[in-house]
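J.: Using only what follows, build the 3D model:
(chains A, B and C)
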Amino acid sequence: MPLPASFYARPTLIVARELLGCRLIRRLETGEQLTGIITETEAYIGEEDLACHARAGLTPRTRVMYGPPGRAYVYFTYGMHWLLNIVTEPEGFPAAVLIRALEVETGLEQVRANRPGIPTQRLTDGPAKLTRAFAIAGHHNNLDLTVIENGLWLEPGREIPDSRVTIGPRVGLYTVPEPWKSMPWRFRVQ
DNA sequence: AGCACGATTAACT
DNA sequence: GTTAATCGTGCTC
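T.: As a prediction, this is how the structure comes out:
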């Protein structure tokens, strides 16, 4: 059963922490399923957070983050990469969790085919790597992830104890001013 | 209309 | 450690 909208309609930091260990499932058009356990997330929270795209307010790009929780916010960056986020908080408040890394469970052969020439350990250890590996791109933007019909959803997976979770600053923020640059909103499984 | 830059990656010195 | 690749977005003129 997919995680329901009520799971995502909570404070973004709670959702980011609890998504660790959850299973991401991508059902391809062929019917084959790729699954992985989420091992790294980051929270982006509201217009005040100057690292969050919503700092620009409501625009065509950020509209999805203002929408209902449990939708995919997939955006294009650096001219070549797609990044997967999941919208959080009640509708109207712009926030999301970036999925930064996962551990492939099933569909490894297909994942390898999507990431030719890449060593197994490196297939999905970055936010743009996992979208390529799982064939997630712009057409998934604004997709409802609380139903299986759309071919992309999440489920409860493994329990991750706090002792295995590392919390630290978000990465890749070069021109973001303090305090936002250093907020400990990144969650990783050791 | 023009421009600077980016929630990155892979290859390279 | 550095850097090229590559283009949509939002801001300035």
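J.: Helix, strand or coil: sort out the residue in chain A that DNA strand C sits nearest to for me.
T.: Of all residues in chain A, A:G79 sits closest to DNA strand C, at 2.5 Å by Cβ to the nearest atom of the strand. In this view, the C-beta of every residue, glycine as well, is placed from N, C-alpha and C. Here A:G79 is recorded as coil under DSSP: H, G, I helix; E, B strand; the rest coil.
J.: per-residue confidence for A:L108?
T.: pLDDT, A:L108: 98.
J.: likewise A:Y44?
T.: 98.
J.: what's around it, how many residues?
T.: Under the neighbour criterion other Cβ atoms under 10 Å, A:Y44 is assigned a count of 24.
J.: part of a helix, is it?
T.: No. Note on A:Y44: no helix contains this position according to three-state DSSP, which reports strand.
J.: Could you check how far it is from DNA strand B?
T.: 4 Å (Cβ to the nearest atom of the strand, to the nearest Å).
J.: And the pLDDT for the residue of chain A at minimum distance from DNA strand B?
T.: When distances are taken as Cβ to the nearest atom of the strand, chain A reaches nearest to DNA strand B at A:G172, 1.6 Å away. A:G172 is assigned a predicted lDDT (pLDDT) of 96.
J.: Backbone torsions only: list them for the residue of chain A closest to DNA strand C.
T.: In this entry, A:G79 is assigned phi and psi values of phi 70, psi 0 (degrees, to the nearest 10).
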